[in-house]
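> After the sequence you'll find the predicted model.
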Amino acid sequence: MKTQYMCVSSIRSVIVMLLFTTIAFAQEENKTVADTLVYKQKYGLRLGADMSKLARSFLDDNYTGFEIMGDYRLTKRIYIAGEIGNEERTLENEVLSNTTKGSYFKGGIDINLYKNWLDMENMVYTGFRVGASTFSQTRNNFTVYDVNNQYWGQQFNVEEAEKFDGLTAIWAEIQLGLKAELFNNFFAGINVQLKFLVSETEPDNYESLYIPGFNRTYDSSGVGAGFGFNLSYLIPIFKKDKIVIVEKETK
Amino acid sequence: MRILKLFILFIALMLMGCERDDICAETTATTPRLLIEFYDVLSADDLKSVLRLTAYGEGLVVDENGLEIEPTETSNATLLFNENSNSVALPLIIDTEEDLVTVRFVLEKFTNFRLDEDTITESNIDILEIKYTPEFVYVSRACGYKSIFNILDIDFESDANNWISRIAIDETIIENENTVHVRIFH
């Protein structure tokens, strides 16, 4: 009987202890706690290619070209970015036909204007570039422009092609674009480009009608324009845990 | 909002960059014609009209069989037909660069005397011969190249009764139509 009593009392004391502990827990929940959330961030080199130039190479007989682009995150906002490409473009009108062939390089920075939520690496950005191109122009043929050519009943055509080698151009460029993650490290991006020609070597008794990377030139101004549509892959060189501290308060 | 503003600015700048330069404007100076003015041989500073002048490229006025004839009416081939004029603009033949080109124009004075019934009076034809080399100069993407002409010689064929007394070449390079290139005294 004595042992039986002992048992009962110990059970009672356990129940009492449990009761007290629950009270103690309840008391603690009324305070604020610091909760830490960890998001895995990955960033590094994003490499891609311009799809519009590839598509155009297939669709347009007068164009072949490709462009490889890349960016590298320096800080949350600033990325080093650049493009390298090669283009061949034939321009034709009533009076002349011209083929431009050459390569270009553009380098600069992208500034991300978009505040990413948690672990995302999306961008809405303005980009600044300096572009340089070396190219050659071939004047395939031309017709001498003469409003009075009907008088002697002939138009004079020069069918001999002439190649102008070693041409260069340098320009500054502003971009506006966005890059968004489609799925697992794959990004799609679009951008528009506005270019300002800084210097160029003019062919003798001719002009550069098209500059690889700069696109077609305009007679009276050094302004050019372009756009890009690219797909890229983010090589996650760095993986950093972004720790977000959330202050919680409960009653 | 900031992004939107930037975008609008961007598009505006882009549109500024675009312009129509794919059409060769009529105002653009392209291949020039040879401009001639007629002056009084007795008073070298004064313009003097040639009476009843007809001007055309030699061999251009033909009948329906393709035979060369003298013009009896104004046509595409006649630069001037039977009018009193103190100037004429001659289109030159464009040929291979640096090649010597000779072009001949018929300048017929008193055309009315040939056209009328009177057989006693007749017109006076002088033939102008121009020797030059063409040179092609780049204009723009829409106009392409124009030709300018380096004049080597301009002379008139002497016959028993020339109405032209002498020729003064003022411009040896025919680059544009802003100035008169040649003065003919008569």
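Ah, there it is.

> need the helix or strand of the chain with the lowest average pLDDT.
Since you didn't name a chain, this refers to chain A. In chain A, no helix or strand scores lower on mean pLDDT, DSSP states H and E than helix A:2-28, which sits at a mean of 53.

> switch to chain B, that's the one I care about
helix B:2-17 (a mean of 61).

> Check the residue of chain A found nearest chain B and give its pLDDT.
In chain A, the residue that lies nearest chain B is A:Val95 (3.1 Å; Cβ to the nearest Cβ). Heads up, the C-betas are built off the backbone N, CA and C, glycines and all. pLDDT for A:Val95: 90.

> Now do the contacts for it.
A:Val95 sits next to A:142-143, A:145, B:24, B:142-145 when contact means Cβ atoms under 8 Å, 6 or more residues apart in numbering or on different chains.

> Same question for A:Lys76.
A:Lys76 neighbours (Cβ under 8 Å, 6+ apart): A:112, A:116.

> Now do the residue sitting nearest the centre point of chain B against A:Ser232, distance only.
Of all residues in chain B, the one closest to the mean position by Cα atoms, centre = their mean is B:Leu90, 2.4 Å from it. B:Leu90 sits 63 Å away from A:Ser232, going by Cβ to Cβ, to the nearest Å.

> Would you mind listing what in the stretch 151-251 of chain A touches chain B?
A:151-152, A:154, A:156, A:158, A:174, A:176, A:192, A:194, A:205-207, A:209, A:217-221, A:223-225 (Cβ under 8 Å from any Cβ of the partner chain).

> now with 7 Å?
Proximity of the stretch 151-251 of chain A to chain B (Cβ under 7 Å from any Cβ of the partner chain) is limited to residues A:151-152, A:156, A:176, A:192, A:194, A:205-207, A:209, A:218-219, A:221, A:223-225.

> quick revisit: relative to B:Leu80, how far out is the residue nearest to the centre of chain B?
10 Å.

> Kindly report the same for B:Val182.
15 Å.

> After the helix or strand A:Ile109 falls within, which helix or strand is next?
If you go by DSSP states H and E, A:Ile109 is part of strand A:96-112. In the C-terminal direction, the helix or strand that comes right after strand A:96-112 (DSSP H and E) is strand A:123-143.

> Buried residues, that following strand. List them.
A:123-127, A:129, A:131-135, A:137, A:139-140, A:142-143 (16 or more other Cβ atoms under 10 Å in any protein chain shown).

> B:Thr28: what's it in contact with?
Taking Cβ atoms under 7 Å, 6 or more residues apart in numbering or on different chains, we find B:Thr28 in contact with B:139-140, B:143.

> for the strand holding A:Ile109, packing partners?
strand A:78-92, strand A:123-143 (3 or more Cβ pairs under 7 Å, 6 or more residues apart in numbering or on different chains; DSSP states H and E).

> pLDDT weak spots in the chain?
Just going to use chain A. A:1-33, A:39-40, A:117-119, A:220, A:241-251 (pLDDT under 70).

> Oops, wrong one, chain B.
For chain B, residues meeting the criterion pLDDT under 70 lie at B:1-21.

> how far off strand A:96-112 does the lengthiest strand in it point, in degrees?
Assignment by DSSP state E gives strand B:124-140 as the longest strand of chain B. Put simply, strand B:124-140 runs at 20 degrees to strand A:96-112, going by axes from the mean of the first three to the mean of the last three Cα atoms, to 10 degrees.

> list the buried ones in strand B:124-140?
B:124-128, B:130, B:132-136, B:138-140.

> so what does that strand touch, helix or strand wise?
strand B:101-109, strand B:144-156.

> Kindly reformat these as JSON lines containing distance to chain A.
Shown next, in JSON lines, are the helices and strands packed on strand B:124-140 (distance: least, Cβ to the nearest Cβ, whole Å):
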{"stretch": "strand B:101-109", "distance to chain A": "8"}
{"stretch": "strand B:144-156", "distance to chain A": "3"}
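
> Let's have those in a markdown table, adding distance to A:Lys42 and mean neighbour count.
Shown next, in a markdown table, are the helices and strands packed on strand B:124-140 (distance: least, Cβ to Cβ, whole Å; neighbours: other Cβ atoms under 10 Å in any protein chain shown):
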| stretch | distance to A:Lys42 | mean neighbour count |
| --- | --- | --- |
| strand B:101-109 | 73 | 19 |
| strand B:144-156 | 55 | 19 |
